[in-house]
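Peer 1: mind looking at a prediction? Sequence and model below.
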Amino acid sequence: MNQPSDALKYIHLEDTFEAQTYAKRPVVIVRGKGALVWDTEGREYIDCVAGHGVNITGHCHPKIVEAIKMQAEKLISCSGILYNDARAEVVEKIAKIVPKGLTRTFLSNSGTEAVECALKLARKYTGKKEIIATVKGFHGRTLGALSATWEKRYREAFEPLVPGFTHVKFGDADAVREAINENTAAVMVEPVQGEAGVNPAPESYLKELREICDENNVLLIFDEVQTGFGRTGEMFACMHWKVAPDVMTMAKGIAGGVPMGATVAKEEVMNSLKESEHASTFGGNPLACAAAKATIDVIIEEKLPQRSKQLGSYLKEKLEAIKENSQIIREIRGLGLMIGIDIRFKVKDYILKSLEKGLLVLTSGLTTIRLLPPLVIEKEQVNKTAAILAEVLET
């Protein structure tokens, strides 16, 4: 891809001074609106990356921009040892939208931090040390969250990790039952595995896990970092199966693009953490809280979970039609606007071909193209997304 001078300058600066931990695409994005972004030359792209699913409400939603502006002029930072109006209002809003029984929230800055809090809660509340997670599960890259993450290539260079983690096959409730012992504190699962290829839980799986955990006095933790806030067609993915966890982690879409994470739990579970046993300097800062308040309002007012369900079904139908004429596509998976296109080859070349045609998409493992567009994406943009993918994959 030929790059203009401005793009080359910015690429050179990042390549020279930034840690080289990302597989970068050869494009410099400088502006976004809704489901579209533009590069340094003004070229337009449909954004089905959306910050790895962060931009649930689209780029620069006017209500969220206004909330951020107003809060930035009022108060940006406020320590957790002091009360704050924006923080108080956002934890109240969160309590109203999460699964029943989850009434207490700890605010942090990212999904992996939310997971770290959940792991500490499990150990503190139960007095036990072991966590059961799943094969192909992804929960983050800090040492505790990484210990719950399965993928070997993320883990090996940093071992030894936190002890006490076991991984069992996703979707197999009997494997969880067999793995539980007297030292098990919690079972942690994603209702839809994101990094593993967009794999929704089998129909009865979460209900069975709830029963198993109740029978064995073990906490059930749902990682909804990627699946929360309407992404899958419900406010939280576990609501598809009408199952409530004891602890839930969330981040990504929570604050319209501003960094934020949250761990919600039943009152007795969260209250097991005492003063000074957990904290976050920037967690619950007024700027992020104002953004999150506005984001939750937009999600509800614009009925984005319902929109995700409808447009997700529409896009999947189009992709299934493409599959009929493609020797490349193996399977289409997903819920709502969280979609995986499993193909017969490594995805890198197809990602770059999509980029050339004005479409930004993600990987999910080596052979799955992942689509996480903003939930405000227009039907015309969905049609264009499908048309580009048809060009790239219909061979």
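Peer 2: Structure received.
Peer 1: hmm, K74 is touching L287, no?
Peer 2: No. Using C-beta atoms under 8 Å, K74 makes no contact with L287, being 9.4 Å away. C-beta: built from backbone N, CA, C; applies to glycine.
Peer 1: the two: which is more packed in?
Peer 2: L287 (22 against 12; other C-beta atoms under 10 Å).
Peer 1: buried ones in the strand or helix carrying the more buried one?
Peer 2: For L287, the host element (DSSP states H and E) is helix 286-301. For helix 286-301, the buried set under the neighbour-count rule, 16 or more other C-beta atoms under 10 Å, comprises 286-296, 298-299.
Peer 1: now the residues you listed as TSV including distance to G42 and pLDDT?
Peer 2: Shown next, in TSV, are those (distance: C-beta to C-beta, whole Å; pLDDT from 0 to 100):
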residue	distance to G42	pLDDT
P286	35	98
L287	30	98
A288	31	98
C289	34	98
A290	31	98
A291	27	98
A292	32	98
K293	33	98
A294	28	98
T295	28	98
I296	33	98
V298	27	98
I299	30	98
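Peer 1: and the two most separated of these?
Peer 2: Distance extremes for the buried residues of helix 286-301: the farthest pair is P286 and I299 at 20.2 Å, using C-beta to C-beta.
Peer 1: related to what we said a few turns ago, helices or strands next to the helix holding L287 in the packing?
Peer 2: helix 62-72, helix 85-97 (3 or more C-beta pairs under 8 Å, 6 or more residues apart in numbering; DSSP states H and E).
Peer 1: send me that helix as CSV with only the CA atoms.
Peer 2: Provided in CSV are the C-alpha atoms of helix 286-301 (Å, rounded to 0.1, in the frame of the first residue of the first chain):
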residue,chain,number,x,y,z
PRO,A,286,-15.0,11.4,37.0
LEU,A,287,-14.1,11.7,33.3
ALA,A,288,-14.5,8.0,32.6
CYS,A,289,-17.6,7.9,34.7
ALA,A,290,-19.2,10.7,32.8
ALA,A,291,-18.4,9.0,29.6
ALA,A,292,-19.8,5.7,30.9
LYS,A,293,-23.0,7.4,32.1
ALA,A,294,-23.6,8.9,28.7
THR,A,295,-22.7,5.6,26.9
ILE,A,296,-25.2,3.6,28.9
ASP,A,297,-27.9,6.2,28.2
VAL,A,298,-27.2,6.0,24.5
ILE,A,299,-27.2,2.2,24.5
ILE,A,300,-30.7,2.2,26.2
GLU,A,301,-32.2,5.2,24.4
